[in-house]
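> Next input, structure requested:
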Amino acid sequence: MSDKKGISKATKTIDEQSINYRELVELFESIVNNSSDFIFQTTLTGVFTYASSASEKIADYEPEEMIGKRFTKFVPKKELPRYLLKIKEIVQGKKIESFETYVIHKDGHLVPVEFSGNMIKIRNKSYILGIMRNTTDRKRTEEKLRLSEERFRDISFSMADWIWEVDKDGIYTFASGKVKEILGCTSEELIGKTPFDLMLEDEAKRVGEIFKKLAYEKKPIIDLENWNLNKDGKNICLLTNGVPLLDENNNLIGYRGVDRDITKRKLAEENIKRTKEYLQNVINSASEFIISFDINSKVITWNKTAELITGYEQREVIGISINHLDIFVKSENLTDYINDVLNGYNKSFEDVILKSKTGARKLVRVSGSIVKGNKNENIGVLFIGKDITRDSELHGKLVPGYSYLFVDKKSVSSLILFKDLTFSGFDGLYVTRGINEIIKGVFPSLNVEVVLLSEDKTNGFEYVGDIDSLVTKIISFSKEKSRPLILLDRIDFLLSIFSFEEFMRALYRINNLLESHNAILLVRLNPDSVDNRQLELIKEELLPLPSQKIEDIELEDNLYGILKFIHKQNQDNMLVSYSKVGSEFSISKVTTSKYLNLLWEKGLVFVKKKGKSKTLHLTEKGKILLQRRISV
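Numbering: from 1, shown residues only. Okay, here's the model as predicted:
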């Protein structure tokens, strides 16, 4: 019970951490989308892969209208050569600052903008990260800044930010506003110094190079972030904006601008970044399968375990709708489950069939929970689960979309399995050569269609006489039924009329199409009807039944005795614990654990928790092996 509480607590912690992660992501997206600057990302060939909502403010395009399109669609023809030159510089590793140009508004007029950009790498893939600002308002502001110095000083003293002027060498000639509150020194103490005197050496060098370039080009300073030391030695981050001051001969005589203390914002951004990385590490370190979707069924979270199970990396699935991914078999069922969770109709778990990158089917058992937003609104669904494919096979469970080979001289065992599955809700199609009295007595009460392999019509049953008709029947049945199950019996009849190659081609066709309809195909083969080469080819195409994967299993007498003891206790409805096995065979705890682990690894036993105890049970494979009495 303590194990259960630990697991429950760990699951709850992961749920809470995952929800906090979503809140942090929302905060980050809110910061970007509330910025007046247009922030975007493109491939090195100029195709937009991300666009912030400020695209509407600049050119009246929604982000969705830009993503997937080349930047050249939004650039005036005469400006294109300058654009391409700057893009080339970025690809060469240069950082572009304040490139003045134009973009085409949705209604056709040109909008003046400034563009800054550099190359970034995400998961070893290079992109261009750019920031674009509409300079229409700034140009009006620049005109207003040409007002008299006296009026400027009056306004500056009433503002909350720190107003400054520097000469062409960057030496402060004027400072007002909150300079003492921000830097701890008076305006008089600042006059005669440069901004670089307040910075550490590396930061002074970085900002100095930027200022030198802007001054040479007589360009304004736009949102330049720089770290300074106040009088007490504390790090302060300032956001600097300024405009060049020119004399009557258009010579640069200095800059006038404003600094804003954004230290709290920068520290908050760093904390968000660190927390986001930590939470992502927590999610990625979990052994559980963890994914999440937004309310539009787009993938938001995809942890490392999900990558290992499916073979798909985060970058291949994040932001993509369930219906557009090949990973989720019967994606409409998962969509229904997401809606059920969002509407409060929670199930304890759901078995989801995944298709890996290599084409292998995986059975994952997940439980879903609602992800809440800042206002307690539903913003998505989180799934946590585990891969139960191996456990399912150990217990003889068949996975939809697969075809299985039943090697047996008699039809009885395959019919029993077929009957059990149809009783559990599958829609059955039984294809055989002849109908005896036993079969006639069984199938009338089941949801089963019977098709005879015959060239002559037989009263009361549908029949097929050639391979093409058989393929057509199986495929149409699979399309029509929600849970199709096909038992193909007496294939010796087909092999007697048609060549083995024709039969295998038909089997390939059936297999390729059944997968998309989640059908299960059982093929019963009498091993005497084919030679060894043909048998091996069929085995290559069809999976062995989970309960028949025992060809290479051999047990020593002591292991066989333990298996037999567990089976007898199961039949008598007696609980079988590890200690009970040890007591029965007078072996130590270590030896008991070793023997039982060997049986578990061979898929012959499984363990159930009952209260605080673990009880042992035989799998279907174990029962069959016991019946065959293999021992060395």
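> sec struct for residue 259, please.
Three-state assignment for residue 259 (DSSP: H, G, I helix; E, B strand; the rest coil): strand.
> okay, now residue 67: neighbour count?
Using other CB atoms under 10 Å, residue 67 has 16 neighbouring residues. Every residue, glycine included, has its C-beta placed from N, CA and C.
> Would you agree it is in contact with residue 55?
No - using CB atoms under 8 Å as the test, residue 67 is too far from residue 55 to be in contact (9.7 Å).
> how about the helices in the stretch 251-400 of the chain?
Here the stretch 251-400 of the chain has its helices, by DSSP state H, counting those that start in this stretch, at 263-285, 304-310, 314-317, 331-342, 389-394.
> Could you dump the ones you listed into JSON lines and include mean pLDDT and mean neighbour count?
Output for these, formatted as JSON lines (pLDDT from 0 to 100; neighbours: other CB atoms under 10 Å):
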{"stretch": "helix 263-285", "mean pLDDT": "85", "mean neighbour count": "14"}
{"stretch": "helix 304-310", "mean pLDDT": "90", "mean neighbour count": "20"}
{"stretch": "helix 314-317", "mean pLDDT": "91", "mean neighbour count": "16"}
{"stretch": "helix 331-342", "mean pLDDT": "84", "mean neighbour count": "17"}
{"stretch": "helix 389-394", "mean pLDDT": "60", "mean neighbour count": "18"}
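> Can you name the residues that contact residue 317?
299, 302, 325, 327 (CB atoms under 8 Å, 6 or more residues apart in numbering).
> Model confidence score at residue 87, please.
With respect to pLDDT, residue 87 scores 90.
> scratch that, residue 151 is what I was asking about
Residue 151 is given a pLDDT of 58.
> The nearest residue to residue 467 once chain neighbours are set aside: neighbouring residues, count only.
Residue nearest to residue 467 in three dimensions, not counting chain neighbours: residue 506, with 4.6 Å by CB to CB, 6 or more residues apart in numbering. Neighbourhood size, residue 506 [other CB under 10 Å]: 18.
> so residue 506 makes contact with residue 464?
No - using CB under 8 Å, residue 506 is not in contact with residue 464, being 11.4 Å away.
> Return every residue with contacts to both of the two.
By CB under 8 Å, 6+ apart, the residues touching both residue 506 and residue 464 are residue 470.
> Could you list the buried residues of stretch 219-232?
Within stretch 219-232, the residues that count as buried by 16 or more other CB atoms under 10 Å are 219-224, 226-230.
> Of those residues, which is the nearest to residue 311?
residue 223 (42.3 Å; CB to CB).
> Which pLDDT value goes with the closest one?
Confidence score, pLDDT, at residue 223: 92.
> which residues are contacting whichever strand or helix holds it?
Taking DSSP states H and E as the definition, residue 223 sits inside strand 221-229. Contact with strand 221-229 is made by 37, 98, 114, 116, 133, 183, 195, 198-200, 203, 207, 210-211, 214, 235-243, 255, 257, 262, 266, as judged by CB under 8 Å, 6+ apart.
> quick one: which of those residues sit in helices?
Among the contacts of strand 221-229, the members found in helices (DSSP state H) are 183, 203, 207, 210-211, 214, 266.
> from the chain's centre, how far out does the strand holding residue 223 sit?
37 Å (CA atoms, centre = their mean, to the nearest Å).
> Walk me through which strands that strand pairs with, and which way each runs.
Using DSSP bridges, the strands paired with strand 221-229 are strand 235-246 (antiparallel).
> How about the partner strand, which residues are buried there?
So strand 235-246, judged by 16+ other CB under 10 Å, has buried residues 236-245.
> In PDB, list the C-alpha atoms belonging to that strand.
Provided in PDB are the C-alpha atoms of strand 235-246 (Å, rounded to 0.1, in the frame of the first residue of the first chain):
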ATOM      1  CA  ASN A 235      23.600  44.800 -11.200                       C
ATOM      2  CA  ILE A 236      20.900  46.900 -12.900                       C
ATOM      3  CA  CYS A 237      19.500  46.100 -16.300                       C
ATOM      4  CA  LEU A 238      18.600  49.200 -18.400                       C
ATOM      5  CA  LEU A 239      16.500  49.400 -21.500                       C
ATOM      6  CA  THR A 240      18.000  52.300 -23.600                       C
ATOM      7  CA  ASN A 241      16.300  54.200 -26.300                       C
ATOM      8  CA  GLY A 242      17.800  57.300 -27.900                       C
ATOM      9  CA  VAL A 243      17.900  59.500 -31.000                       C
ATOM     10  CA  PRO A 244      20.900  61.100 -32.700                       C
ATOM     11  CA  LEU A 245      21.400  64.800 -32.400                       C
ATOM     12  CA  LEU A 246      22.600  66.500 -35.700                       C
END
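> pLDDT (mean, whole number) over it?
For strand 235-246, mean pLDDT is 92.
> do the same with stretch 320-330
Mean predicted confidence for stretch 320-330 is 86.
> for residue 89, helix, strand, or coil?
The local conformation at residue 89, judged by three-state DSSP, is helix.
> Against residue 55, how distant is the nearest residue to it once chain neighbours are set aside?
In space, and not counting its chain neighbours, residue 89 is closest to residue 96: 6.2 Å by CB to CB, 6+ apart. Residue 96 sits 19 Å away from residue 55, taking CB to CB, to the nearest Å as the criterion.
> likewise residue 619?
For residue 619, the distance to residue 55 - CB to CB - is 59 Å.
> Just give the number of residues close to residue 72.
Using other CB under 10 Å, residue 72 has 11 neighbouring residues.
> Domain-wise, how is this protein divided?
As assigned by automatic domain parsing, the chain contains the domains 35-136, 145-266, 286-387, 403-548, 557-628.
> Could I get the contacting residues of residue 356?
Neighbour list for residue 356: 309-312, 327, 362 [criterion: CB under 8 Å, 6+ apart].
> run the last query once more with 7 Å
The contact partners of residue 356, by CB atoms under 7 Å, 6 or more residues apart in numbering, come to 310-311, 362.
> ditto for residue 79
For residue 79, the contact set (CB under 7 Å, 6+ apart) comprises 101-102.
> SS state for it?
Secondary structure for residue 79, judged by three-state DSSP, is helix.
> before we move on, the earlier item: in TSV: the helices of the stretch 251-400 of the chain, plus distance to residue 409.
Listed next are the helices of the stretch 251-400 of the chain as TSV, based on distance: least, CB to CB, whole Å:
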stretch	distance to residue 409
helix 263-285	51
helix 304-310	38
helix 314-317	47
helix 331-342	38
helix 389-394	24
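> So which of those helices is nearest residue 623?
helix 389-394 (12.1 Å).
> okay if I get the contacts of residue 317 as JSON lines plus distance to residue 44?
Shown next, in JSON lines, are these (distance: CB to CB, whole Å):
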{"residue": "299", "distance to residue 44": "25"}
{"residue": "302", "distance to residue 44": "25"}
{"residue": "325", "distance to residue 44": "26"}
{"residue": "327", "distance to residue 44": "28"}
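> Filter those down to just the ones in strands.
Among the contacts of residue 317, DSSP state E puts 299, 302 in strands.
> Looking at the contacts of residue 317, which one is closest to residue 386?
Closest approach to residue 386 among these (CB to CB): residue 302, at 15.7 Å.
> For residue 317, see how far away the residue lying closest to residue 311 once chain neighbours are set aside is.
Nearest residue to residue 311, sequence neighbours excluded (CB to CB, 6+ apart): residue 357, at 3.2 Å. Counting by CB to CB, the gap from residue 357 to residue 317 is 11 Å.
> next one: residue 620
According to CB to CB, residue 620 and residue 317 sit 35 Å apart.
> pLDDT score for residue 553?
Residue 553 is assigned a predicted lDDT (pLDDT) of 62.
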